[in-house]
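Colleague: Return a 3D structure for these sequence lines:
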Amino acid sequence: MFTKPLSAASKLDKAIMLSITAMLAMNVVVLANQLDAAPVVAQYAQPSTQPVAAAQQA
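Modeller: Below you'll find the model as predicted:
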């Protein structure tokens, strides 16, 4: 499969390559979304700096 040029590849070989490419592309998209969401998650995961009593008075 990998030793033949793409033009000489069979339909099954082309389908396999397309499937692998689509899987890798989806993994990159999901990873990019996770990295983009990480600062937001970290911001809300930090404990509050205000004491509970001061927050209740406000």
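Colleague: Any idea how many residues pack against Ala15?
Modeller: Under the neighbour criterion other Cβ atoms under 10 Å, Ala15 is assigned a count of 11. C-beta here means a position set from N, CA and C on the backbone, and glycine is covered the same way.
Colleague: got it, and the one 3 residues further on?
Modeller: Counted by other Cβ under 10 Å, the residues lying close to Leu18 total 10.
Colleague: What residues of whichever helix in the chain runs longest count as buried?
Modeller: For the chain, the helix that runs over the most residues, judged by DSSP state H, is helix 11-45. Burial within helix 11-45, assessed by neighbour count using 16 or more other Cβ atoms under 10 Å, is assigned to no residue.
Colleague: list the helices and strands that helix packs on?
Modeller: Using 3 or more Cβ pairs under 8 Å, 6 or more residues apart in numbering; DSSP states H and E as the contact criterion, helix 11-45 has no neighbours among helices and strands.
Colleague: just for the chain, where's the confidence low?
Modeller: By pLDDT under 70, the low-scoring segments of the chain are 1-4, 6, 38-58.
Colleague: Now Ser10: phi and psi?
Modeller: When read as degrees, to the nearest 10, the backbone of Ser10 gives phi -80, psi 170.
Colleague: and what of Ala8?
Modeller: According to degrees, to the nearest 10, Ala8 has phi -90, psi 0.
Colleague: From Ile20, how far off is it?
Modeller: Here Ala8 is placed at a distance of 18 Å from Ile20 (Cβ to Cβ, to the nearest Å).
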